[in-house]
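# Attaching a predicted model along with its sequence, questions to come.
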Amino acid sequence: MKTIVFLCVENSCRSQMAEAFGKMIGADRYQFFSAGSKPSGKVNPKAIKFMSDIGYVMSDHQSKGIDSLPQEGVTAMISMGCGDACPQIPALIRLEWEIPDPKNMDDQGFKKVRDEIGLHVEKLIKQMDNDDSKN
């Protein structure tokens, strides 16, 4: 099973929601993880609430550092738009998604970022599925 890792600074909002969307869309084909360079130690309550609103319960998610990630065999590493502050791990595919940090946004802004992440994850999985079907 291929491994996809989402990285940001605090592992509280963006990378957590990306991991959740990955599990919602492709858990039968891929393993999903998330981590941060300076984990906050908690998942943002808005991320928990707004993912719950679309049917994903994040009660088992925890904010964690890169030492919790597999260090080998990672297929794709996606940083969430945090530039040099994002941790890096070895991966076959490395992508940078320029997604704003929603932690200080109002509810509408936070949901917009959540939906943007969902679209990015869906596109990534479709692309990886298509690449697999060509092999």
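It's in. Residues are numbered from 1 along each chain as shown.

# and Gly65, how many residues sit next to it?
When counting by other CB atoms under 10 Å, one arrives at 14 neighbours for Gly65. Where C-beta positions appear, they are placed from N, C-alpha and C, glycine not excepted.

# I'd guessed it sits against Ser37; true?
Yes - Gly65 is within contact range of Ser37, at 7.5 Å (criterion: CB atoms under 8 Å).

# Report the residue spans of the protein with pLDDT below the cut-off.
The chain contains residues with pLDDT under 70 at 83-87, 135.

# Quick check: longest helix in it by residues?
helix 107-134 (DSSP state H).

# Tell me which residues of it come out buried.
Phe110, Lys111, Val113, Arg114, Glu116, Ile117, Gly118, His120, Val121, Leu124, Ile125, Met128 (16 or more other CB atoms under 10 Å).

# got the contact list for the second one?
By that I understand Lys111. Phe50 (CB atoms under 8 Å, 6 or more residues apart in numbering).
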